[in-house]
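Colleague: Sequence unavailable; structure follows:
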């Protein structure tokens, strides 16, 4: 039997991780060209993208240095960062894959390896993998958060991404931020999408059933109340593959319900079990997969509770995991993956399916480096066309980055701080609050900060700002509520975002404490203690319950940046953390 160079190098890597071969030898043998050599295996190939957040062009994206795992999640994927992640997955430090999967030496590595993602480059990689598998032997799955995250997505109401996904060849998708457009726009976009949109956990409310305004939409089922098809079945490599959809379960809580007033969401794992059992007994598929937007911790718990699923392709929490987690359950086992964000990765799951069962698998999470993958001409032309009407506005220079500006991590990133500082300065506020979104691209030190960059960080359909008075107790309540969402030991009570970003405010955070007791020692930037009964002027944006009265956040940030020239963070309002020393989900954190 012969093996490819790629497989040989991988075997050497395993030996190195076991202490059988010096890691320096493995690192020296590693070649960038090996990244995309993925030998065909089995008869079913499932490709996976997720959380693209409308990034049509190549970008920079820094992985987190803080992704804390609490309770049973301590020390387990996805709660590993930096060297701990490399060690766990046997990835040698200092190379191209170490750069792809960690924040380590980001500045120098980004300069060396270049940008990631971009749909024209992703299209080249998708085509290469699918061609190597042969016609009819692969599916391309999209985990959602695709239609939101850029200026062009906002201005076209997600239609630019529908067209891009059609060109990419997406076969099946589910959603989350897709639902932050108006319900009519969601339905219209799904009508233009050439693949299947599936979600077993989205229903039409009872009081809207009989006068439901989308009766003609093919996904709506008046008998079950489901707003969308729960699953689809495809023939792949001679096998019947069932793909079940799991949309983000907390959409009306994390995002404005006013945009989608007639739909309910939820984890609904009991319903998921019924769907899987029904598929297994009636449709008799050879493979059952779930395309999920739960977030990885929720997927891991669901995999324990629901049997009969072969693979969960997960999204929402933006965790680029180099290998799947194998979860044991009553039906045997389920593979759980998560494929990062921003078009940075393509997951490739190859299955050997025989006699109605998955016999074996191979998995690779491929980083999409635009310097190593030529742009697909058709996709590049499409991207230039959809961006053309907005090109001058998007390319407007606002300031220069005096340091690395990034988001992604449990607490403030430097671009988050820019947003918070802008809110305070422009609105004359003492404290600012900004949502802990996990999307948002990175700007390297010395580069221009353009309106494109600002839209990448702020572009949502409820961008309005506010300036109001809040008591110290109210501010603490907000922090405690978000902190419980992030660090609740039960994944089903987590919604997947990060901690609310703050400006002008310091505090101590104990992630291991009970709910309502994690936040203490709140002070203003000048060291003045925040008093529970005293009122403070607070500026913020992205209110979920009702629309705020102020201008869109991108106008606020643009105004601030224009006044700065070169942007250097004067103070990063990261909290002091306690009781997390030794946690492998934190590295290089300044305040412990």
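Modeller: Perfect, thanks for sending it. What you see is a predicted model; the values in this text were computed from it and never measured.
Colleague: Can you pull the phi/psi pair for residue 448?
Modeller: Reported as degrees, to the nearest 10, the phi and psi values for residue 448 are phi -70, psi 140.
Colleague: Would you agree residue 124 is in contact with residue 375?
Modeller: Yes - contact status for residue 124 versus residue 375: in contact at 6.8 Å, counting by C-beta atoms under 8 Å. For the C-beta atoms, the positions are set from N, CA and C on the backbone; glycine is no exception.
Colleague: Looking at these two, which one has more neighbours?
Modeller: residue 124 (22 against 19; other C-beta atoms under 10 Å).
Colleague: quick one: contacts for the more buried one?
Modeller: Residue 124 makes contact with 373, 374, 375, 376, according to C-beta atoms under 8 Å, 6 or more residues apart in numbering.
Colleague: which SS class is it?
Modeller: Of the three states, residue 124 takes helix according to DSSP: H, G, I helix; E, B strand; the rest coil.
Colleague: Pull up the gap between it and residue 437, please.
Modeller: 29 Å (C-beta to C-beta, to the nearest Å).
Colleague: How is this protein divided into domains?
Modeller: The record's domain parsing of the chain by automatic domain parsing lists 1-30, 31-60+114-382, 395-577.
Colleague: and the last one, how far out from the chain's middle?
Modeller: Relative to the chain's own centre, domain 395-577 is displaced by 19 Å; criterion: C-alpha atoms, centre = their mean, to the nearest Å.
Colleague: ok, now the second one?
Modeller: For domain 31-60+114-382, the gap between its own C-alpha mean and the chain's C-alpha mean amounts to 12 Å (C-alpha atoms, centre = their mean).
Colleague: first vs last residue of stretch 339-348, how far apart are they?
Modeller: With C-alpha to C-alpha, to the nearest Å applied, stretch 339-348 spans 10 Å between its terminal residues.
Colleague: what's the weakest-modelled helix or strand in the protein?
Modeller: The helix or strand of the chain with the lowest confidence, counting by mean pLDDT, DSSP states H and E, is helix 23-29 at a mean of 36.
Colleague: following that helix, which helix or strand shows up next?
Modeller: strand 44-49 (DSSP states H and E).
Colleague: what's downstream of that following strand, the next helix or strand?
Modeller: Once the chain leaves strand 44-49, the next helix or strand it forms, by DSSP H and E, is helix 82-89.
Colleague: Show me what the helix or strand following that following helix is packed against.
Modeller: The helix or strand immediately downstream of helix 82-89 is helix 96-101, counting by DSSP H and E. Counting contacts by 3 or more C-beta pairs under 8 Å, 6 or more residues apart in numbering; DSSP states H and E, helix 96-101 packs against helix 82-89, helix 106-113, strand 357-367.
Colleague: mind putting these in CSV, mean neighbour count, mean pLDDT and distance to residue 178 included?
Modeller: As requested, the helices and strands packed on helix 96-101 are exported to CSV (neighbours: other C-beta atoms under 10 Å; pLDDT from 0 to 100; distance: least, C-beta to C-beta, whole Å):
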stretch, mean neighbour count, mean pLDDT, distance to residue 178
helix 82-89, 19, 98, 30
helix 106-113, 15, 96, 30
strand 357-367, 18, 97, 23
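Colleague: so which of these comes closest to residue 274?
Modeller: Nearest of the helices and strands packed on helix 96-101 to residue 274, taken as C-beta to C-beta: strand 357-367 at 21.5 Å.
Colleague: after that closest one comes which helix or strand?
Modeller: Moving toward the C-terminus from strand 357-367, the next helix or strand (DSSP H and E) is helix 377-387.
Colleague: got the contact list for that following helix?
Modeller: Here helix 377-387 makes contact (C-beta under 8 Å, 6+ apart) with 56-57, 119-120, 123, 152, 156, 160, 163-164, 167-168, 394.
Colleague: And it, what's buried?
Modeller: Residues 379, 380, 382, 383, 386, 387 are the ones in helix 377-387 that count as buried (16 or more other C-beta atoms under 10 Å).
Colleague: And the first one, how far from residue 472?
Modeller: For residue 379, the distance to residue 472 under the criterion C-beta to C-beta works out to 51 Å.
Colleague: Show the end-to-end separation of stretch 531-542, please.
Modeller: Per C-alpha to C-alpha, the first residue of stretch 531-542 is 25 Å away from its last.
Colleague: Could you give me the buried positions within that stretch?
Modeller: Under the neighbour-count criterion of 16+ other C-beta under 10 Å, stretch 531-542 has 536, 537, 538, 539, 540, 541, 542 buried.
Colleague: Present those residues as CSV; the columns should include secondary structure and distance to residue 468.
Modeller: Formatted as CSV, the buried residues of stretch 531-542 follow (DSSP: H, G, I helix; E, B strand; the rest coil; distance: C-beta to C-beta, whole Å):
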residue, secondary structure, distance to residue 468
536, strand, 10
537, strand, 8
538, strand, 6
539, strand, 8
540, strand, 8
541, strand, 12
542, coil, 14
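Colleague: with these in mind, which one is nearest to residue 102?
Modeller: Residue 102 lies nearest to residue 542 out of the buried residues of stretch 531-542, by C-beta to C-beta, at 28.9 Å.
Colleague: can you pull the contacts of the closest one?
Modeller: By C-beta under 8 Å, 6+ apart, the residues touching residue 542 are 434, 435, 460, 462, 463, 553.
Colleague: Between those residues, which sits nearest residue 522?
Modeller: Nearest to residue 522 among those, counting by C-beta to C-beta, is residue 434 at 16.7 Å.
Colleague: what's across from that closest one in the sheet?
Modeller: residue 501 (DSSP bridges).
Colleague: List only buried entries from the contacts of residue 124.
Modeller: Applying 16+ other C-beta under 10 Å to the contacts of residue 124 flags 373, 375, 376 as buried.
Colleague: I'd assumed residue 117 was in contact with the second one.
Modeller: No - no contact is recorded between residue 375 and residue 117 when judged using C-beta under 8 Å, the distance being 11.7 Å.
Colleague: measure the spatially closest residue to residue 559 that is not a sequence neighbour to residue 478 for me?
Modeller: Computed as C-beta to C-beta, 6 or more residues apart in numbering, the closest residue to residue 559 that is not its neighbour in sequence is residue 426, at 5.7 Å. According to C-beta to C-beta, residue 426 and residue 478 sit 21 Å apart.
Colleague: in the stretch 201-350 of the chain, what spans have low per-residue confidence?
Modeller: The stretch 201-350 of the chain contains residues with pLDDT under 70 at 212-214.
Colleague: what comes up buried for stretch 116-134?
Modeller: By 16+ other C-beta under 10 Å, the buried positions in stretch 116-134 come out as 116-126, 129-130, 132-133.
Colleague: Of those, which is the nearest to residue 508?
Modeller: residue 116 (35.4 Å).
Colleague: Show me the beta-bridge partners of the closest one.
Modeller: Counting by DSSP bridges, the residues bridging with residue 116 are residue 59, residue 369.
Colleague: where do the helices sit along the stretch 201-350 of the chain?
Modeller: Applying DSSP state H, counting those that start in this stretch to the stretch 201-350 of the chain gives helices spanning 251-254, 269-278, 296-305.
Colleague: For residue 239, which of these is the nearest?
Modeller: Smallest distance to residue 239 across the helices of the stretch 201-350 of the chain (C-beta to C-beta): 16.7 Å, for helix 269-278.
Colleague: same for the closest one, what does it pack against?
Modeller: With contacts taken as 3+ C-beta pairs under 8 Å, 6+ apart, helix 269-278 sits against strand 239-246, helix 296-305.
Colleague: what number of residues lie near the nearest residue to residue 254 once chain neighbours are set aside?
Modeller: Leaving aside its sequence neighbours, residue 254 sits nearest to residue 495 (C-beta to C-beta, 6+ apart; 5.2 Å). Counted by other C-beta under 10 Å, the residues lying close to residue 495 total 17.
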